[in-house]
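Novice: attaching a predicted model along with its sequence, questions to come.
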Amino acid sequence: MEKVAVVGCGAYMDSGYGCPGEWRCLKAAAVGDGTFDAPAQVVAFVKCECPGRAVMPTMGMAMKLSEIKPEKIYLSSCLVNAKPGCPYTSADELGKIIEEKTGIPVVQGTHDYH
């Protein structure tokens, strides 16, 4: 089973705007829905907190504490499809930064649930 990490939009998750919580990303990973090709094991779930500067240190700490390196990192659907969009960076830019820093492929979005 593929090991994955998920990065969610903290503003969406905390305020409930379009995302009642992580359960939709976790469900998609567990059953292999959305952008997951098959069921996957989520080994880290971190929030991107405005303005996003802590994403890399938080991801690094999550991998260090879990002692499991994910094979892919997924940017949550709420982060990728945020309306209004993030005022600090685009999902594409954030994905590129994470890929460059970790060497782990980043996937845009997690699910299509509404």
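Specialist: Right, received. Where do you want to start? Computed from a predicted structure; not experimentally measured.

Novice: quick one, strands of the chain?
Specialist: Ranges of strands within the chain are 2-9, 40-48, 72-75, 106-108, based on DSSP state E.

Novice: buried residues in the helix or strand bottoming out on mean pLDDT in the chain, which are they?
Specialist: Least confident helix or strand of the chain, by mean pLDDT, DSSP states H and E, is helix 10-15 with a mean of 80. For helix 10-15, the neighbour count (16 or more other C-beta atoms under 10 Å) marks Gly10, Ala11, Tyr12, Met13 as buried. Any C-beta I mention is one placed from the backbone N, CA and C, and that applies to glycine too.

Novice: repeat for stretch 38-48
Specialist: Ala40, Val42, Val43, Ala44, Phe45, Val46, Lys47, Cys48.

Novice: show me the contacts for the closest residue to Met63 other than its chain neighbours.
Specialist: Nearest non-adjacent residue to Met63, counting by C-beta to C-beta, 6 or more residues apart in numbering: Lys69, 5.7 Å away. Counting by C-beta atoms under 8 Å, 6 or more residues apart in numbering, Lys69 touches Lys3, Met63, Ile104.

Novice: so can I have TSV of these showing distance to His111, pLDDT and neighbour count?
Specialist: Converted to TSV, the contacts of Lys69 look like this (distance: C-beta to C-beta, whole Å; pLDDT from 0 to 100; neighbours: other C-beta atoms under 10 Å):
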residue	distance to His111	pLDDT	neighbour count
Lys3	18	96	15
Met63	23	85	19
Ile104	20	96	16
